[in-house]
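Visitor: I would like the atomic coordinates for the input below:
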Amino acid sequence: MVKTVSTTQLEAAFSASPWHSIKQFISQFSNKESPAVADLIVQPLPVASVSVIIPALNESKRIADVVHYALADPVTAEVIVIDDSSIDDTAVLAREAGATVIRSTMLGKGASMQDGVAAANCDVVAYLDGDLAGLRPNIISDLVKPIWDGEADFVKGSFGRKGGRVTELTAKPMLKLFFPELIQFSQPLGGIIAAKKVLLQQLHFEDGYGVDIGLLIDAHLAGAVLGQVDVGSLEHDSQSLPSLGRMAQEVSRVILERAKSVGRLSVDQVMSIFEMERQNQTDIDIVLTKLDGCNKLLLLDMDGTITMSRFVVELAKATGRTEALMALLDSENIDQSTRSQDIAALFRFVHQSEFEKVAHSIEIRDEVINVVNALRRKGYRVGVVSDSYFVAAEIIRRRIFADFALAHTLPFDAGVCKGDILINRAFYHESGCKLHECCKSNVLRYIIEQEPALGMDGVVAVGDNLNDVCLLKLAHKSFTIEPKNDALTQAPIIEIKHFGELLALISKSESSVDDTEHQVG
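Guide: I've put the predicted structure just below:
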């Protein structure tokens, strides 16, 4: 039997403490027959005892919705918007929506977050970003529950999507290297956080993009118990590419400073950072920075098109692995993905310098350099798109003076090949090639989508083998040189004998277009 608890007693309990303390209070009115009565009574009545802080800079588009969302959560006692001297109506709209608005003491998200802690009236603080949308109800309640239950001091929100480029290419690899105990956090740069106010008052708030990762590491180093809560899916405004570059630099600096402060920065780790940066250069977002304003594009296959032979064949010759490689190339019992992995494994323990030496010495077709130079003078951007390895494709790119290279990554550890292959994400596309999940044609689809000045009618592609066919069929004009498969000899693909012929055909085509436009004019 349960003893009656008066409304006055419940109100006193709720005003004095959060969930776990209330459970202790109510448990004195329970008996052995109803041990879960505290849970039954408390769960529907969470306490409004959380200060929600929203740092904001020019967020007039969504700030009112975010404030309304926060106030609708039953645990929210107050919403404080820290305005970073916005030049739009952020402050006005936030105040009208019911928030307390305070101007930040100085520019920067970190200063705003710290100002919010100073202004908070509750012992538990939750942070939301001012540009969020698509949130499911009551994520603030979910965030603070581990704190109220005594299970955590600092909680990060994780969302139902993969992290952004800086998260995946910079933050996570560096955490794995310097703070592997934190690698389980899926969004280490995310701004959805809940923490005890007393803990936050002890931490250092970075000025810029590194503030969120800095708080996570500092809380860990301070001995706090960390937690992570899935808050579902959400919408978030994306950053521009220049902003992503600055973000990556600041995140790297913050992690390195923390690693140095606890004696975790070694020469081997610095070498690993250089390797990570090398791998980052293969990302499509880096390539897109070199294509701004591009309206004419030439895509060249590497093996057998730019070069006279296949890179892995030459590498196998140089390292005494020809017989093993031929067995893999001739096998009909494995799919292309498995074959690529097995070939990469074949070169395990080969030093990076061997890859580079072969890439520097492999024979390039006559006239390639002159044709690339001539087409670049005509306004073309030229890219090398290869199913081979970026360590080779990048050197070939530089040898022919092309603008960019896209290929797959072979990770190296202290300059030694690890025997793995990382497929470049640009070769995948949600609505891409119907025949192959991983395909060169998807690279072109991605570029076309991201470059508004470039239409498919401005794209020329050249290849020589079966894995080039989808790309050649997608491009406006396509050519093949010494084709290795009959599929490349079919229209609309045009066979050329040498690269000088390619230049002549492109120049003739452009002259015809110019003449037609002149006649129409």
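
Visitor: mind listing what's buried in the helix or strand hosting residue 214?
Guide: Per DSSP states H and E: residue 214 is located in helix 211-221. Going by neighbour count (16 or more other C-beta atoms under 10 Å), the buried part of helix 211-221 is 211, 212, 213, 214, 215, 216, 217, 218, 219, 220. Quick note: C-beta positions are derived from backbone N, CA and C, even for glycine.

Visitor: Which helix or strand lies directly C-terminal to it?
Guide: strand 226-230.

Visitor: which intervals of the stretch 251-400 of the chain have sub-threshold pLDDT?
Guide: Low-confidence segments of the stretch 251-400 of the chain (pLDDT under 70): 267, 332.

Visitor: before we move on, the earlier item: make TSV from the buried residues of helix 211-221 and add distance to residue 502 to it.
Guide: Listed next are those as TSV, based on distance: C-beta to C-beta, whole Å:
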residue	distance to residue 502
211	52
212	50
213	48
214	52
215	55
216	53
217	53
218	57
219	59
220	57
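
Visitor: what about the strands in the stretch 51-200 of the chain?
Guide: Along the stretch 51-200 of the chain, counting by DSSP state E, counting those that start in this stretch, strands occupy 76-83, 100-103, 124-127, 154-158, 193-196.

Visitor: ok, now the stretch 201-350 of the chain?
Guide: Going by DSSP E, counting those that start in this stretch, the stretch 201-350 of the chain shows strands at 226-230, 297-300.

Visitor: Single out the most deeply packed of the ones you listed.
Guide: strand 297-300 (a mean of 26; mean count of other C-beta atoms under 10 Å).

Visitor: Please name the strands paired to that one in the sheet, noting orientation.
Guide: strand 381-389 (parallel), strand 459-463 (parallel) (DSSP bridges).

Visitor: possible to save those strands as CSV with mean neighbour count and distance to residue 362?
Guide: As requested, these are exported to CSV (neighbours: other C-beta atoms under 10 Å; distance: least, C-beta to C-beta, whole Å):
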stretch, mean neighbour count, distance to residue 362
strand 381-389, 24, 11
strand 459-463, 25, 17
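
Visitor: Out of those strands, which is closest to residue 426?
Guide: strand 381-389 (8.7 Å; C-beta to C-beta).

Visitor: isn't residue 436 right up against residue 469?
Guide: No: counting by C-beta atoms under 8 Å, residue 436 sits too far from residue 469 to count as a contact (9.9 Å).

Visitor: Those two: which is more packed in?
Guide: residue 469 (23 against 17; other C-beta atoms under 10 Å).

Visitor: and that one, what element?
Guide: helix 469-474.

Visitor: Output the strands paired with strand 297-300 as a markdown table; include the columns distance to residue 155.
Guide: What follows is those, written out as a markdown table (distance: least, C-beta to C-beta, whole Å):
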| stretch | distance to residue 155 |
| --- | --- |
| strand 381-389 | 41 |
| strand 459-463 | 48 |
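
Visitor: Mind checking those strands for the one nearest to residue 137?
Guide: strand 381-389 (45.8 Å).

Visitor: After the closest one, which helix or strand is next? Please name it.
Guide: Scanning onward from strand 381-389 (DSSP H and E), the first element met is helix 390-400.

Visitor: And the contacts of that following helix?
Guide: 279, 281-282, 300, 302, 306-307, 311, 352, 355-356, 358-360, 362, 364, 368-369, 372, 382-384, 386, 403-410, 412, 424 (C-beta atoms under 8 Å, 6 or more residues apart in numbering).

Visitor: and what of stretch 444-460?
Guide: So stretch 444-460 is contacted by 284, 287-288, 291-299, 380, 426, 429, 431-432, 461, 471, 474-479, 506 (C-beta under 8 Å, 6+ apart).

Visitor: Buried ones among the residues you listed?
Guide: 284, 287-288, 291, 294, 296-299, 380, 426, 429, 432, 461, 471, 474-475, 477-479, 506.

Visitor: For stretch 211-219, give the mean pLDDT please.
Guide: Averaged across stretch 211-219, pLDDT comes to 96.

Visitor: picking up where we left off before, got the CA positions of the helix holding residue 214 in CSV?
Guide: Extracted C-alpha coordinates of helix 211-221, given in CSV (Å, rounded to 0.1, in the frame of the first residue of the first chain):
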residue,chain,number,x,y,z
VAL,A,211,35.5,25.5,-28.2
ASP,A,212,33.3,22.3,-28.3
ILE,A,213,36.2,19.8,-28.8
GLY,A,214,38.2,21.7,-26.1
LEU,A,215,35.4,21.4,-23.6
LEU,A,216,35.1,17.7,-24.2
ILE,A,217,38.8,17.0,-23.8
ASP,A,218,39.1,19.4,-20.8
ALA,A,219,36.1,17.8,-19.0
HIS,A,220,37.8,14.4,-19.5
LEU,A,221,41.1,15.6,-18.2
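
Visitor: what about stretch 460-472, distance to the chain center?
Guide: 29 Å (C-alpha atoms, centre = their mean, to the nearest Å).

Visitor: start to end distance for it?
Guide: 8 Å (C-alpha to C-alpha, to the nearest Å).

Visitor: Now do that stretch, average pLDDT.
Guide: The model assigns stretch 460-472 a mean pLDDT of 96.

Visitor: do the same with stretch 137-150
Guide: Stretch 137-150 comes out at a mean pLDDT of 95.

Visitor: which other residues reach it?
Guide: 18-20, 46, 50, 52, 70, 72-76, 124, 126, 128, 152-153, 155, 157, 192-196, 227, 229, 231-232.

Visitor: buried ones in it?
Guide: Under the neighbour-count criterion of 16+ other C-beta under 10 Å, stretch 137-150 has 138, 139, 140, 141, 142, 143, 144, 145, 146, 147, 148 buried.

Visitor: Which of those fall within helices?
Guide: Mapping the buried residues of stretch 137-150 onto helices (DSSP state H) picks out 139, 140, 141, 142, 143, 144, 145, 146, 147, 148.
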